[in-house]
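Visitor: How does the following fold in three dimensions:
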Amino acid sequence: MDELTKIAVLTVPILALAVLLKRDVPPLALMVSVLAVVAVLMVVLTQLSQVNGLITRAAELADMGGELITPLLKTVGIALVVKVLASLCRDAQETALASAVEIAGAVAAVVVLLPLLHAVLNLCVSLVE
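Guide: Below is the predicted model:
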C-alpha cells in the first residue's frame with residue numbers, strides 16, 4: 001500500500017498542473033504528463049520485480065519450464081507498454097498513431113506467444129496419436 005500512496009502523492013499535484021497548463025500551453029502539459037508517467041512507472045518497477053519472483057517460484061514448484069512462463073510475462077509487459085504509449089498518443093490527439101501502436105502491440109504479443117502456441121499444438125497432436 002506504501003507504493004500506492006507514493007503514486008497518489010505524485011499523481012494528484014501533477015494532474016492538477018497538467019490540467020492548468022493544458023488550457024494555455026498544451027505542449028508543456030503533455031510533457032508534464034509524460035514525465036509523470038515515467039515517474040509512476042519507476043515506482044511500479046519495484047513491484048514488478050516482486051511479482052516476477054513469485055511467478056518464477058510458482059513455475060519452479062509446478063515444474064514448468066521458463067519456455068512456458070517467459071512468453072506470458074513478455075506478453076503482459078507488451079500489453080502494459082502499449083497501454084501507456086497509446087494513452088499518451090491519445091492525450092496528444094494522435095489517435096491514428098495510438099491505433100498503430102495498439103496494432104503493433106497485438107502483433108508483437110502474438111509473435112512472443114508463438115513458442116507457447118507451438119508447444120500447445122504439439123501437446124494436442126501427441127494426445128491424438
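Visitor: Next, work out how far apart residue 129 and residue 122 are.
Guide: Going from residue 129 to residue 122 by Cβ to Cβ, to the nearest Å gives 11 Å. The C-beta positions use only the backbone N, C-alpha and C, and glycine is treated the same way.
Visitor: more neighbours, those two?
Guide: Neighbour totals were compared for residue 129 and residue 122, and residue 122 leads with 10 against 5 (other Cβ atoms under 10 Å).
Visitor: quick check: mean pLDDT across the helix or strand hosting that one?
Guide: Assigned by DSSP states H and E, residue 122 belongs to helix 95-128. Averaging pLDDT along helix 95-128 gives 92.
Visitor: so what does it touch, helix or strand wise?
Guide: Secondary-structure packing of helix 95-128 (3 or more Cβ pairs under 8 Å, 6 or more residues apart in numbering; DSSP states H and E): helix 66-91.
Visitor: Can you give the distance of the helix it packs on from its chain's centre?
Guide: 4 Å (Cα atoms, centre = their mean, to the nearest Å).
Visitor: got the angle between the worst-scoring helix or strand of the chain on mean pLDDT and helix 66-91?
Guide: Sorted by mean pLDDT, DSSP states H and E, the helices and strands of the chain end with helix 26-61, the least confident at a mean of 83. Relative orientation of helix 26-61 with respect to helix 66-91: 170 degrees, computed using axes from the mean of the first three to the mean of the last three Cα atoms, to 10 degrees.
Visitor: and helix 26-61, what does it pack onto?
Guide: Where contact means 3+ Cβ pairs under 8 Å, 6+ apart, helix 26-61 is packed against helix 2-24, helix 66-91.
Visitor: Reformat those as a markdown table; add distance to residue 35 and mean neighbour count.
Guide: Below are the helices and strands packed on helix 26-61 laid out as a markdown table (distance: least, Cβ to Cβ, whole Å; neighbours: other Cβ atoms under 10 Å):
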| stretch | distance to residue 35 | mean neighbour count |
| --- | --- | --- |
| helix 2-24 | 8 | 12 |
| helix 66-91 | 11 | 16 |
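Visitor: How about residue 113, nearest residue that isn't a chain neighbour?
Guide: Ranked by Cβ to Cβ, 6 or more residues apart in numbering and with sequence neighbours excluded, the top spatial neighbour of residue 113 is residue 71, at 5.1 Å.
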